[in-house]
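**Q** sequence first, predicted model second:
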Amino acid sequence: MLNRKGFVNIIKSEFLSRVLGRLIRSIAVAFWVMVIAFTLMRLAPGDPALARLGPGAEPEAIELLQKQLRLDVNPLQQFWGYFVELLQGSLGDSLQTSTPVLSLIGQTLPVTIYLILLSTFFALLLSIPIGTAIAWSGRSPLVYGFRTITAMLLAIPNFFLALVGMLFFSVKHNWAPVFGYNTSFPENLRYLWLPVLVNTIIMTSVISRVVFSSIVETKREEFVETGIIRGVGKSRFFWFYILKPSLAPTVVLLSYMMGTMLGATVILETIFSLPGIGRELVTAVLVRDYPVVQGIVLVFGAITVFLSFMGDLVAYYLDRRVKI
Amino acid sequence: MKEGVMTRFRNWIPMPGSVGIFTGTIMFISLVLAGLIIPNFGPFKANDFVGEPFASMSAKHPFGLDQLGRDVMTRTFAGVPIDLGVAFLGVSIPFIIGTIVGIFLGLAKNRYFINLVGSIIDGVNAFPLLVLAIAMISFFGTGLQSVIIILSITNWARYARIARTRAIVVSQQNYIEAAKTLGYPRWRTIRKHIVPNVSSETIAYALSDFILVIMVVSGLSFLGLAATPPLAEWGSMIAEGRSYLSQAWWITIFPGAALCWAAVSLSFIVEGLSRRDGGM
């Protein structure tokens, strides 16, 4: 005989085991992320030390750099050294400035996170009402127009949108500074609003499409019909029968998109000269500062793995039918 | 009466999504034709200095001249074969590698092997494509060749994931059982049934991936990591024109518009195909 409490326990334990399984898979992926970040430098044709110093470098300097990059031992030992250093919480030092890579990341990451969080917030604020309203109305000219406009918007590259924005707001009207940054809170919005606007436009066009299509899917579900037959109150019907189950795909997409956004902000930060982690990556690539490149790539990968774990978790919480 | 008009109107549209596919295809073909004709048979060459720098738009130079006095229209259309060609290679090579790996993985029996390759695929997919490409540039050096190599190394994993899922579904279908029962060799089943059914799925992804790869190629060039300046590539042209945005916006806007035109035309085709597939 199964009483109410026992039933709750079973659901809880299934929830826990699912989450645990997903966590283990995330850790496995994180391990591969680390291996790939390590392998990147070894994939390069030729000697990385020679490539950085140029063909005219002295043999002693090359040998020193090889030692610094741990290239003088066999690959397995190289990986072990890298792994041990990572466990000790170190990502090595920059070749250019010899500051620890971790503190470089600590300085630049907040700017990027600020940019992404602000644009995600505004994108959600816009796209959930837009997607819901259009799916709810279900009028075909409206749907057609919506899909055409978003199909156009999501194909426009962010750097082009950013430059058009700059042309209008910085060159013609001087409403946004062309470059520079201020780390204190209210002032930095003056520098951030245009990049945030560009990001928001692109994210809104993608997210509102997903909200739209998942609400259309949800409207076809049997439990919606059941809700109508049972005569559920209007607001309850809307929130629990339509919106809540529809948000699960949106959350999964959002967690995936925030990873992609990390890539997209590299270009935006370079255009607007924001001192974020993306611009740091481009600078490091141009001067072949290998430890910095490796460290930033690792951080990007780790953030993406974490985000997709959290996204799946929230989606599973919203809709237990989601496979995680 | 009104109903009659509506019925005729409905009959006139053959299938959902046709308008999108038609518009997108026309846009794309016209861009490719312009890219083949204007730089080769037009009055100017892409890298020739034909007039005064920063000259505005005129009848002779509809898109104006850039900071060195080169014709922006010729350069914009000279970018078509470069950008679309690199993007095409950057899509088709990963498409072939990924589909083969995915089918192989979907049909494999060894659990350790499946888990190993599967987690490598997850690991590669964990990185944002642009970030991985930028990082690998520092090891492979700049240039369009290394962009193609890098895209082949990184982008296959997305195709492999799709192909694997599809191959598992296809291999459980009844017609595969039928082919087995009829005693056809395994290779024939794979070639005649599994490959076509799996690749129809990956081709659908390849179309939308084409948009993404065009953006990665031009984005990398914009950052100065792929195409180098004298080459008429959209991303690097946009980056060059950026410094002169206040005095000569046409240097930046026209290559950017061509880039948008290419991406939007593909996006319309993808949109039309998804409507045809029974979406809204």
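**A** Cool, the structure landed.

**Q** without its sequence neighbours, what residue ends up closest to the closest residue to chain A within the stretch 51-200 of chain B?
**A** Residue nearest to chain A within the stretch 51-200 of chain B (C-beta to the nearest C-beta): B:G123, separated by 2.7 Å. Where you see a C-beta, it was placed from the backbone N, CA and C, and this is true even at glycine. The shortest distance from B:G123 to any non-neighbouring residue, by C-beta to C-beta, 6 or more residues apart in numbering or on different chains, is to A:W32 (2.7 Å).

**Q** how many other residues sit next to that neighbour?
**A** Using other C-beta atoms under 10 Å in any protein chain shown, A:W32 has 21 neighbouring residues.

**Q** again, but for A:E217
**A** Around A:E217 there are 15 other residues, counting by other C-beta under 10 Å.

**Q** show me the contacts for it.
**A** Listed by C-beta atoms under 8 Å, 6 or more residues apart in numbering or on different chains, the contact set of A:E217 reads A:S246.

**Q** do the same with A:L253
**A** A:206-207, A:210.

**Q** isn't A:L268 up against A:P157?
**A** No: A:L268 lies out of contact with A:P157 (C-beta atoms under 8 Å); the separation is 10.9 Å.

**Q** the least confident helix or strand in chain B by mean pLDDT: what's the following helix or strand?
**A** For chain B, counting by mean pLDDT, DSSP states H and E, helix B:2-12 ranks last in confidence among helices and strands (a mean of 58). Sequence order places helix B:18-41 as the next helix or strand after helix B:2-12, per DSSP states H and E.

**Q** tell me the mean pLDDT over that following helix?
**A** Per-residue pLDDT over helix B:18-41 has a mean of 87.

**Q** and what of stretch A:80-88?
**A** 80.

**Q** now do stretch A:18-35
**A** Computed over stretch A:18-35, the mean pLDDT rounds to 84.

**Q** so which bits of that stretch are buried?
**A** For stretch A:18-35, burial by neighbour count (16 or more other C-beta atoms under 10 Å in any protein chain shown) applies to A:18-19, A:22, A:25-26, A:28-30, A:32-35.

**Q** stretch A:204-222 too?
**A** Neighbour-count burial for stretch A:204-222 [16+ other C-beta under 10 Å]: A:204-216, A:218.

**Q** so how far is whichever strand or helix holds A:V111 off the chain centroid?
**A** Under the criterion of DSSP H and E, A:V111 resides in helix A:101-137. Chain-centre distance of helix A:101-137: 9 Å, with C-alpha atoms, centre = their mean, to the nearest Å.

**Q** report pLDDT for residue 64.
**A** No chain specified, so I'll use chain A. What the model reports for A:L64 is a pLDDT of 74.

**Q** try chain B instead
**A** 74.

**Q** and the stretch 51-200 of chain A, which residues reach chain B?
**A** Selection of the stretch 51-200 of chain A residues close to chain B by C-beta under 8 Å from any C-beta of the partner chain yields A:51, A:143, A:147-148, A:151-152, A:154-157, A:159-160, A:163-164, A:166-167, A:171.

**Q** which of the buried residues of stretch A:204-222 lies closest to chain B?
**A** Using C-beta to the nearest C-beta, A:V216 is the member of these that lies nearest chain B, at 5.7 Å.

**Q** which non-adjacent residue is nearest that closest one?
**A** A:A135 is the one closest to A:V216 (C-beta to C-beta, 6+ apart), at 5.1 Å.

**Q** which residues are in contact with the one you found?
**A** A:143, A:211-213, A:215-216, A:219.

**Q** mind running it again at 7 Å?
**A** Listed by C-beta atoms under 7 Å, 6 or more residues apart in numbering or on different chains, the contact set of A:A135 reads A:212, A:215-216.

**Q** dump those to JSON lines, plus distance to B:R276.
**A** Below are the contacts of A:A135 laid out as JSON lines (distance: C-beta to C-beta, whole Å):
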{"residue": "A:F212", "distance to B:R276": "18"}
{"residue": "A:I215", "distance to B:R276": "21"}
{"residue": "A:V216", "distance to B:R276": "16"}
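
**Q** pretty sure B:F140 contacts B:S146?
**A** Yes: if you go by C-beta atoms under 7 Å, B:F140 and B:S146 touch, sitting 3.9 Å apart.

**Q** coming back round to it: among the residues of the stretch 51-200 of chain A next to chain B, which ones are buried?
**A** For these, buried by 16+ other C-beta under 10 Å: A:51, A:143, A:147-148, A:151-152, A:154-157, A:159-160, A:163-164, A:166-167.

**Q** what's the spacing between the residue nearest the centre of chain B and B:R111?
**A** By C-alpha atoms, centre = their mean, chain B has its centre lying nearest to B:F210, at 1.6 Å. In this view, B:F210 and B:R111 are 35 Å apart by C-beta to C-beta, to the nearest Å.

**Q** might you enumerate the residues of the stretch 151-280 of chain B proximal to chain A?
**A** B:211, B:215, B:218-219, B:222-223, B:225, B:238, B:242, B:245-246, B:249, B:252, B:256, B:259-260, B:263-264, B:266-268, B:271, B:279-280 (C-beta under 7 Å from any C-beta of the partner chain).

**Q** buried subset of those as a ChimeraX selection?
**A** ChimeraX command restricting these to the buried ones, with burial defined by 16+ other C-beta under 10 Å:
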select /B:211,215,218,219,222,223,225,238,242,245,249,252,256,259,260,263,264,266,267,268,271,280
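
**Q** hey, where'd the strands end up in chain A?
**A** Taking DSSP state E, chain A contains no strands at all.

**Q** for chain B, what's its nearest residue on it.
**A** A:W32 (2.7 Å).

**Q** so where's the stretch 201-324 of chain A shaky on pLDDT?
**A** For the stretch 201-324 of chain A, the stretches flagged by pLDDT under 70 are A:322-324.

**Q** need the residues of it near chain B, please.
**A** Near chain B, when you scan the stretch 201-324 of chain A using C-beta under 7 Å from any C-beta, you find A:213, A:216, A:259-260, A:262-264, A:266-267, A:270, A:281-282, A:285, A:288, A:293, A:297, A:300-301, A:304-305.
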